[in-house]
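K.L.:
here is my input; please provide its structure:
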Amino acid sequence: MTTDPTPLTGKLLIAMPAMGDPRFERSVVYLCAHGEDGAMGLIVNKPVTELRFGDLLEQLGIPRPEKGARDIRVHFGGPVEGGRGFVLHSSDYAADGGTLKIDEEVSMTATLDILRRIASGGGPRSSMLALGYAGWGPGQLEAEIAQNAWLTGPARSEILFGRANEHKWNAALKAIGVDPQGLSSSAGHA
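P.N.:
Predicted structure coming up:
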């Protein structure tokens, strides 16, 4: 019998109320990769308020057309490599050699080409831009889950790509049948 080496890839991590790290308080993290070498994910519900997509494009020297330009929110993806950008998007778009297909519905691209495409009105149907990522070493995420720091659940498009970031944590909990009002802010084991 073999076990799935990436059981949490493509799933959501939902921070418990007792999360001790303020960077992850009420966070919803989409796991892009999980295996014996560790895990990597993007926080999908913490928009960056001080940087807009247009400002980022200007900093990168990417022109925006007068008409047909798209705009996406910039998010805090996690505390690792905060100057690096990742676009989580629907799998209807793939860059040559630069796209990681996570599952049938979601992919991730970390190239400037996808930003150019989105800025000009093209690119994937659904997307969100994250600066930085959340990373865990081997066994670290499993230990945090065992300590009741995270719940896991299915990833839904409206949670990943929806604009109502303030509701994503509640929606992710409700998707797994948990009433956010019933959660305790102190961790423990039954």
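K.L.:
any idea of the pLDDT on the most centrally placed residue in the chain?
P.N.:
Centroid check for the chain by CA atoms, centre = their mean gives L42 as the closest residue, at 2.9 Å. On the pLDDT scale, L42 is placed at 97.
K.L.:
what pairs with it across the strands?
P.N.:
Residues found in beta-bridge contact with L42 (criterion: DSSP bridges) are Y30.
K.L.:
list the buried residues in stretch 163-170.
P.N.:
N165, K168, W169, N170 (16 or more other CB atoms under 10 Å). For the C-beta atoms, the positions are set from N, CA and C on the backbone; glycine is no exception.
K.L.:
excluding residues flanking it in the chain, which one is nearest L173?
P.N.:
Ranked by CB to CB, 6 or more residues apart in numbering and with sequence neighbours excluded, the top spatial neighbour of L173 is P180, at 4.9 Å.
K.L.:
contact partners for that neighbour?
P.N.:
W169, N170, L173, K174 (CB atoms under 8 Å, 6 or more residues apart in numbering).
K.L.:
how far is whichever helix or strand D55 is part of from where the chain is centred?
P.N.:
Taking DSSP states H and E as the definition, D55 sits inside helix 53-60. Put simply, helix 53-60 sits 20 Å off its chain's centre (CA atoms, centre = their mean, to the nearest Å).
K.L.:
likewise stretch 126-136?
P.N.:
5 Å.
K.L.:
quick one: average pLDDT of that stretch?
P.N.:
Stretch 126-136 comes out at a mean pLDDT of 95.
K.L.:
which secondary structure element of the chain has the lowest mean pLDDT?
P.N.:
helix 53-60 (a mean of 88; mean pLDDT, DSSP states H and E).
K.L.:
and the contacts of that helix?
P.N.:
P63, R64, D71, I72, R73, V74, G85, L112, L115, A119, L129.
K.L.:
buried ones among these?
P.N.:
By 16+ other CB under 10 Å, the contacts of helix 53-60 give R64, I72, R73, V74, G85, L115, A119, L129 as buried.
K.L.:
who touches the fifth one in this structure?
P.N.:
Meaning G85. With CB under 8 Å, 6+ apart, G85 has these contacts: L56, A110, L115, L129, A130, L131.
K.L.:
then it would be within a strand, right?
P.N.:
Yes: judged by DSSP: H, G, I helix; E, B strand; the rest coil, G85 forms part of a strand.
K.L.:
okay, and which of the buried ones among the contacts of helix 53-60 map to helices?
P.N.:
L115, A119 (DSSP state H).
K.L.:
just to revisit the earlier point, out of the contacts of P180, list just those in helices.
P.N.:
Going by DSSP H, the helices hold W169, N170, L173, K174 from the contacts of P180.
K.L.:
now render those as a markdown table, adding distance to L151 and pLDDT.
P.N.:
Shown next, in a markdown table, are the ones in helices among the contacts of P180 (distance: CB to CB, whole Å; pLDDT from 0 to 100):
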| residue | distance to L151 | pLDDT |
| --- | --- | --- |
| W169 | 11 | 94 |
| N170 | 13 | 92 |
| L173 | 7 | 94 |
| K174 | 12 | 92 |
